[in-house]
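J.: Provided below for reference: sequence and predicted model.
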Amino acid sequence: MALPVSSGLRVIIADDNPTNRLLLRRQLDILGYYVDDVEDGEQAFSLIKRRQYDLLITDLNMPGMDGLTLAQQVRKINPALVIWGLTANAQPDEKARCLASGMDLCLIKPVNLPQLAAAFNSITQRLENPTQTEYRRH
């Protein structure tokens with residue numbers, strides 16, 4: 001599979017685990033995305049209010065504001081932002097909770113580079129041309 005290379009797209013990662021953040025950041029660097037990373041939902045929400053992002057990737061279980069709450073809050077101020085949830089819980093109801101909170105996609109950890117590339121391929125056109133058909137919850 002060809003890996004997407006994107007320029008100009010901004011991604012924010014919210015994950016309380018520094019190892020997970022570092023791994024995901026390195027994967028996104030390989031794919032050519034600009035990345036900010038934070039350790040909790042409050043920090044992510046603060047940055048999202050001040051900066052323009054194309055994608056939020058958030059862990060679901062973080063202290064303080066968790067990923068589900070973060071997605072709900074972000075939807076109130078930026079309904080167009082693409083939001084992906086990351087979880088170690090592979091149960092079907094976890095995906096349903098993600099989508100119900102306003103997330104576009106729920107990925108099961110660990111996410112490898114080909115999985116990440118495939119997820120990006122599914123939304124690259126929308127991210128680079130926001131007038132295209134809405135991606136949410138497909």
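T.: Done, it's in.

J.: A44: which element?
T.: helix 41-50 (DSSP states H and E).

J.: Would you mind listing the outside residues contacting the helix or strand just after that helix?
T.: Of the helices and strands lying after helix 41-50 in sequence (DSSP H and E), the nearest is strand 55-59. Contacts to strand 55-59, defined as CB atoms under 8 Å, 6 or more residues apart in numbering, come from residues 9-17, 20, 24, 33, 41, 44, 48, 67, 70-71, 74, 81-87, 123, 127. Where you see a C-beta, it was placed from the backbone N, CA and C, and this is true even at glycine.

J.: wait, L47 sits on V38?
T.: Yes: contact criterion CB atoms under 8 Å: L47 and V38 qualify, at 6.5 Å.

J.: Between the two, tell me which one has more neighbours.
T.: When L47 and V38 are compared on other CB atoms under 10 Å, the one with more neighbours turns out to be V38, at 20 against 16.

J.: Centroid-nearest residue for the protein?
T.: In the chain, the centroid-proximal residue (CA atoms, centre = their mean) is I57; its distance is 2.0 Å.

J.: Which of the helices and strands in the chain ranks last by mean pLDDT?
T.: Lowest by mean pLDDT, DSSP states H and E among the helices and strands of the chain is helix 113-128, with a mean of 77.

J.: can you give me the helices for this protein?
T.: 18-31, 41-50, 67-77, 92-100, 113-128 (DSSP state H).

J.: re earlier: can I get the helix holding A44 in PDB, CA atoms only?
T.: Only the C-alpha atoms of helix 41-50 are listed here, as PDB (Å, rounded to 0.1, in the frame of the first residue of the first chain):
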ATOM      1  CA  GLY A  41      -8.300  16.400  27.100                       C
ATOM      2  CA  GLU A  42      -8.200  19.800  28.800                       C
ATOM      3  CA  GLN A  43      -4.900  20.700  27.000                       C
ATOM      4  CA  ALA A  44      -6.200  19.500  23.700                       C
ATOM      5  CA  PHE A  45      -9.400  21.500  24.000                       C
ATOM      6  CA  SER A  46      -7.500  24.600  24.900                       C
ATOM      7  CA  LEU A  47      -5.200  24.300  21.800                       C
ATOM      8  CA  ILE A  48      -8.200  23.500  19.600                       C
ATOM      9  CA  LYS A  49      -9.900  26.700  20.700                       C
ATOM     10  CA  ARG A  50      -6.700  28.700  19.800                       C
END
